[in-house]
Structures are given as C-alpha cells and as structure tokens.
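Novice: Build me a model from this:
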Amino acid sequence: MKKYVYAFLALVLAPAAAADTVNYQLRISNAAQHTAEVSARFPASAKADPIVQLPNWRTGRYEILPLANGLRHVVAKTADGKPVPIRKTDKATWQLALPAGVPYTVSYELYANELGLRTRHIDDSHAYLNASAVFVYSPEFRTAPVIVKLEVPKDWQSRSGMPQGNCGDCFTADDYDVLTDSPIETGIHRFYKTMVDGKPIELVIWGDGNHDGEAMLKDLAAISKNTNALFGSTPYARYLYIVHATDGVRGATEHLNSTVIQTERWSFQPRSEYLKFARTAAHEFFHTWNVKAYRPAEMVPYDYQKENHTNLLWIAEGHTSYFENLITLRAGVQDEKQYLGDVSSTLAAYLRTPGRFEQSANESSFDEWIQPDGDRHANASVSIYPKGEMIGLAMDLMLRKESGGKKSLADVHRGLWQKHKVVQGGFTEADVLALLQQVSGRSWQDFWSRYVIGTEELPVLALLKDAGVEFVADKKPDDGKPFYAWGLSVAPGEDGAFAKVTAVEKDGPAWKAGITTGDTLIAVNGNRLSAKNFAARSQQFGAGALSVDYFRRDAKVSTTLMPKTQDGAGMKLQFTDKPTAAQLALRKAWLGN
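Specialist: Numbering: from 1, shown residues only. Here you go, the predicted model:
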C-alpha cells in the first residue's frame, strides 16, 4: 500500500485548479544593505481567509531556524490592487481576511544577510536565494506550478537547477517543493559546463580565490560519472554545482538538482585541502539519490513548519559520508593513501567520542534537531555523520566478505533507489532490513539490535584487519617516547594567553581531576602554562601525578591530574605489510570496484 501514500498526499495537497500558477517576483532594492522586495501572486482560494507561510527550516539542515525574521512590511492585495487585511498568527504564518474565489498577492521586504546558513544572502556582487527563506507559500497551492522572475543588476547572470523561464532571470518549477530544493545563484561569477552520460553538469563559482575552474569541472565530472554508474540511472536532467569561495563560512547543502558548497577562498590548494572540497562535492552529489530521490518515510512529504523526526538520518547522512570517500577514490580524484588518511581521521575521532556508548544511531537521528554542542555532545551524544559512516563501513565490509566480493552496501542503496523513491513513500527500518537480507541471504536483526538500536562497539577494527588494514599509533618510526594524554582541549592563543579549556573527555584524566570546560589552566608543577605552550608542556612531566593550577570564577584552584600513557598522540590506518590472499581479495573488492 505504501507506494500509493505519496500520490494520495499529492491529491490532498492539490489546489482546486491544478493549472493555476503561483508567480513570484524578487527585485534587488538595496544590494549593499542586503534587501529585496518580494511579491507572491496566488490563484483564487477555494476557502475563505487563506493563509501563507514561510518554512521554519530548510531541507538539508535538521534544525528549526528563525527564517521569518527577515520579512518586514508584509501586505496583501487583490488582483485589482485593493488592500486585503492580513495578520500574523504565529512566527511564520499570516492569514488574509478574504472571501473564497479571489486571487491575491502578498508582498514584503526581505533582508538577506545569512550566507553561512545557506538560506539567503544579497550583496553588491551576488544574491543566493533558497526559497525556504525567501518565498512564502500557500499550503493550498503547494503542488501548483511556479514561476520566478528576478530583477537584478544588468551585469548579473542567474543560475539554478530549475529550468529557465521566458527571460534570462526567470525560472520555472513543477511546484513549491521543487522550488525550495532548487536554490538560485545570481550575480557576477564564473561558469563552466560539460556533459556526463548525456546530461549537463554545470559549475558556477562566486568569489575570487586559488581555484582552477576547469580542473574542478573535470573532477566533478568524474565524481558525477562514477556515482551515476553506482546507481545505474539518474534522478536529474541537469545538475548544477554552486561554489561560494568566500571567507569565514564553510559547509554544504544538497538539493534536488544542485548543491551549494561554501569554502574559504584560498583553500583550494594544496592538494590535501582541495580534496576536502572534492569529497564534499561527492557527498552532496550522492545526496541527489540518498535523501532527495529516496529518504525516510517520516520525511515524505516534508513538513516545513516543524521538525521531521526519523530514526534513520544515520543512513541519510552517515552512509553518504561513507560513499563520498569511496566515490572520490574510484573517480581517480584521490588515491588509496589519501582515502585511508581521511577514513583514519574519522575513525580516530569517532573512537575518542565517549558519547557513542551513551546514544544509539537511532536516538541520535531522532534527536538531531536538538543535539547539544561542545563536549556535552562528544560525551553524551554521537553524531549521525561519523556513526552512520562507521556503520556503513562495517556493513560494506561484512557484505563483501560474506559474498566473496560479489555484494556490497551499494546493492542496498540501489534497492532503495529502485523500490523506495520519494514518490513511492520513502523507506522504513523494515525496508532496509529486508534489503540487507535480500542482498546477503541472511537476517541483519542481530546487527541492528546491537549496533543501530544498541550502543555496542562496532566491529570496525576487526573487519578492517580482514581487509589487511591495521589501526596503529601515529608516530615517527624512531620515536620511542610515549604520549601523555590529559583528556582535554584548550583554545588556541599566543604565549601570553592562558590555556582556556574548551572540552573535557568523559572519564579521562582531566575529568577525574575535576577540571571542566571554561576553566583556565595557569600552571603545571609550578610552571606557567599558556595556550601556545600547552601541547609541549603537557608532555614534559611524564605519567606521574601532576599538580595543576587553574582559575575558575576568577579564583585559583589546584588539583592533581594523572595523565594517561599511550603509544602516540593519535592513531592511523595503514595497510598490512604482508597481507594474506584473503585480505588482498577483500581489499580489492572494497577499494577496487
């Protein structure tokens, strides 16, 4: 019955006259001050006193946001210009006093200066417009066709994953859902285009920096082609990579037919930094299937006004993180050493997270909307990204090992793409378990109970060893010294600044000594500590009991700290020197196809 759910919801949401169109206009009114004038013209409502709303979150970021705070001077009128009374009924909803059967227009001033949230940003060089934060919608006309017309400076060019309309700065969308998932980048930028598997792959770069657009396009084409091959077919007609080369913000968001990636303008070199961009691009492109084409059933269709809770965000995000690295490797953009290095970083950070024993993958997914920050997150929670990535790694290696390299996690995701698309209602936990059993020929209920619902340690290290990969101390071959871990982190600073504690590891040496986030370390064994010398000074006194002085609430406190001795400052993955034939076979199946 599930395949009919989405069709039923579409009928419920459909307007009385499906051919009626919602028309949006946006005029840049003062680019330097980040403002625009917006109007939304709606067809005649079948009901009296219709409402319009702005979403309370945007897709790709599982957090309630105050998006409506950028709207001012909200007014309404009829098609012939007569004023219509309008009042705000909650933080993002307005109701018109209007009889049924009358078309209406809602207009307002928009303030757009939130680049890092990837919602809306206008300045004298560009505008980035995510409809969730820009255009109000009517629930009654959510499935109606949409036309967007922009009025921007003459030297600007407008790009989007949406089809172009009847002017250079116009776009069309099948409905509001497509509009909210198709951001617009308009302004002064560089544009590149190529064809992959008969479909256009485009790149637009806003901002100067040490980027090479042609080289980026070549890598993006390889990533796109490899991902297309993994799934066997594509959900997009044309795909647009939007890159913001800027300062002070980083991050990326997936969309239906495009992505926006924000990175520091001088971070495209050296190669190690560029690979962070490439992996991010692979992550967002994989989302074109995983999340945009198929996603957890609880998020079908999206409810824009409240949290969309699901236990399966660790698949939506964490599995995507797992595949981003493999795809970048198989596309030839990074080599096996670079691949292993990035997986090492994720695994080491994950194994330093006490919260992995406090919160399950399912719980983390459900609570993603309210996850805490700082060391409380690390000590009491686990992120859906590394947790899902490590579960994905374990699943993939188990499937490959048990099948002699014939089956993999990719088969599961192909099944989700083929059988559980958004238009079919999405997927449930039972659907994933059924696909795992179909691919492997056995039940995965025990795995699910222990590692997805439960918080047992994943068997990742043993599975990696089966593939001839070891997790060893990261230190120089001639360095025989142990590392003395204090179990805390301090804020960076100059030599004159004291070492302010930013995180304390649960049950670690600092935790047991009573030190907490916000304390300011000033001395160890009578020797001054600073933000700059902490890393070196913490190693100079060995593993014995240390006298540590610190400030708390401006008063000096003393405690005794017992460092933990370990082989190195960190851990890393490396290939086994003398792998067996079985290890080589599994490694080849894992990294070679």
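Novice: Look through this structure and report the residue furthest from the middle.
Specialist: Distance from the C-alpha centroid of the chain peaks at Gly526, with 45.4 Å (C-alpha atoms, centre = their mean).
Novice: Isn't that one up against Val548?
Specialist: No - when contacts are counted by C-beta atoms under 8 Å, Gly526 is not listed as touching Val548 (10.4 Å). Where C-beta positions appear, they are placed from N, C-alpha and C, glycine not excepted.
Novice: Leaving out the residues flanking it, which one is nearest to the residue farthest from the centre of the chain?
Specialist: Among residues not flanking Gly526 along the chain, Ser547 sits closest, at 7.2 Å (C-beta to C-beta, 6 or more residues apart in numbering).
Novice: Would it be right to say that that neighbour lies in a helix?
Specialist: No - under the criterion used here (DSSP: H, G, I helix; E, B strand; the rest coil), Ser547 is strand, not part of a helix.
Novice: For it, grab the count of nearby residues.
Specialist: Neighbours of Ser547 under the rule other C-beta atoms under 10 Å: 14.
Novice: do the same with Pro296
Specialist: Residues lying near Pro296 (other C-beta under 10 Å) number 23.
Novice: can you check Phe357 too?
Specialist: Around Phe357 there are 14 other residues, counting by other C-beta under 10 Å.
Novice: what do you get for Arg450?
Specialist: Burial of Arg450 is recorded as 15 neighbouring residues (other C-beta under 10 Å).
Novice: before we move on, what about Met299?
Specialist: For Met299, the number of neighbouring residues by other C-beta under 10 Å comes to 19.
Novice: Could you measure from Gly392 over to Asp303?
Specialist: Gly392 sits 27 Å away from Asp303, going by C-beta to C-beta, to the nearest Å.
Novice: if you count what's nearby, which of the two comes out ahead?
Specialist: Here Gly392 and Asp303 are set side by side on neighbour count (other C-beta under 10 Å), and the busier one is Gly392, at 22 against 13.
Novice: in what helix or strand does the nearest residue to the more buried one once chain neighbours are set aside lie?
Specialist: With C-beta to C-beta, 6+ apart as the measure, Tyr322 is the residue that lies nearest to Gly392, at 3.4 Å, once sequence neighbours are left out. Secondary structure assigned from DSSP states H and E places Tyr322 in helix 320-330.
Novice: quick one, what contacts Pro492?
Specialist: Ala531 (C-beta atoms under 8 Å, 6 or more residues apart in numbering).
Novice: Unless I misread the structure, it falls within a strand.
Specialist: No - secondary structure of Pro492 (three-state DSSP): coil, not part of a strand.
Novice: Quickly note the distance from it to Pro83.
Specialist: When C-beta to C-beta is the yardstick, Pro492 and Pro83 sit 57 Å from each other.
Novice: again with Gly374
Specialist: Distance of Gly374 to Pro83, given as C-beta to C-beta: 50 Å.
Novice: Those two: which is more packed in?
Specialist: Neighbours were counted for Gly374 and for Pro83 using other C-beta under 10 Å; Gly374 has more, 12 against 9.
Novice: Quick check: that one touching Thr517?
Specialist: Yes - under the criterion of C-beta under 8 Å, Gly374 lies in contact with Thr517, with a separation of 6.4 Å.
Novice: Spell out which residues are contacts of both of these two.
Specialist: Residues touching both Gly374 and Thr517 (C-beta under 8 Å, 6+ apart): Thr502, Ala503.
Novice: okay, Lys481: pLDDT?
Specialist: Residue-level confidence at Lys481 comes out at 79, pLDDT.
Novice: what's around it, how many residues?
Specialist: Residue neighbour count, defined by other C-beta under 10 Å, stands at 11 for Lys481.
Novice: ok, Val544 - contacts?
Specialist: You called it Val, but residue 544 is Gly. Contact partners of Gly544, counting by C-beta under 8 Å, 6+ apart, are Met562.
Novice: ranges for the strands of the stretch 451-593 of the chain?
Specialist: Along the stretch 451-593 of the chain, the segments classed as strands by DSSP state E, counting those that start in this stretch run 469-473, 483-485, 488-490, 499-504, 520-524, 527-528, 546-552, 555-561, 564-566, 571-575.
Novice: what is the rounded mean pLDDT of the first one?
Specialist: What that stands for is strand 469-473. Summarised as a single mean, pLDDT over strand 469-473 is 95.
Novice: what about it, distance to the chain center?
Specialist: Centre-to-centre, strand 469-473 and its host chain are 29 Å apart (C-alpha atoms, centre = their mean, to the nearest Å).
Novice: okay, the angle between it and strand 571-575?
Specialist: Per axes from the mean of the first three to the mean of the last three C-alpha atoms, to 10 degrees, the angle that strand 469-473 makes with strand 571-575 is 140 degrees.
Novice: so where's this structure shaky on pLDDT?
Specialist: By pLDDT under 70, the weakly predicted segments of the chain are 1-19, 476-480, 593.
Novice: The same query, at a cut-off of 50, please.
Specialist: Along the chain, segments meeting pLDDT under 50 span 1-19.
Novice: mind giving me the domain ranges of it?
Specialist: Partitioning the chain according to automatic domain parsing yields domains covering residues 15-186, 190-270, 297-469, 483-566.
Novice: what's the closest of those to Phe285?
Specialist: Closest to Phe285 of those, according to C-beta to C-beta: domain 190-270, at 5.5 Å.
Novice: tell me the contacts of Val472?
Specialist: For Val472, the contacting residues are Met571, Lys572, Leu573, Gln574, taking C-beta under 8 Å, 6+ apart as the criterion.
Novice: cutoff 10 Å now
Specialist: Contact criterion C-beta atoms under 10 Å, 6 or more residues apart in numbering gives Ser344, Asp567, Gly568, Met571, Lys572, Leu573, Gln574 as the residues in contact with Val472.
Novice: so how far is Val300 from the fourth one?
Specialist: Computed as C-beta to C-beta, the Met571 to Val300 distance reads 40 Å.
Novice: Who has more neighbours out of these two?
Specialist: Between Met571 and Val300, counting by other C-beta under 10 Å, Val300 is the more crowded of the two (23 against 19).
Novice: who's in contact with the residue nearest to that one when sequence neighbours are not counted?
Specialist: In space, Val300 comes closest to Gly426 once its chain neighbours are excluded; the distance is 4.0 Å by C-beta to C-beta, 6+ apart. The neighbourhood of Gly426, defined by C-beta under 10 Å, 6+ apart, consists of 2, 5-6, 294-301, 310, 312, 416, 420.
Novice: Which of those are buried? Put it as a PyMOL command.
Specialist: For anyone working in PyMOL, the buried entries among those, judged by 16 or more other C-beta atoms under 10 Å, can be selected with:
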select buried, resi 5+6+294+295+296+297+299+300+301+310+312+416+420
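Novice: what's the closest of the contacts of Val472 to Trp266?
Specialist: Sorting the contacts of Val472 by how near they are to Trp266, with C-beta to C-beta, puts Ser344 at the top with 25.5 Å.
Novice: For Asp549, list each beta-bridge partner.
Specialist: Ala523, Ser558 (DSSP bridges).
Novice: Quick check: Lys419 vs His413, distance?
Specialist: Going from Lys419 to His413 by C-beta to C-beta gives 11 Å.
Novice: neighbour count winner among these two?
Specialist: Ranked by neighbour count (other C-beta under 10 Å), Lys419 and His413 place His413 first, with 23 against 15.
Novice: Return the distance of the one helix or strand that one maps to from the chain's centre.
Specialist: For His413, the element it lies in under DSSP H and E is helix 409-419. Taking the mean of its C-alpha atoms, helix 409-419 sits 21 Å from the chain's own mean (C-alpha atoms, centre = their mean).
Novice: Since that was my last question, I'll sign off now.
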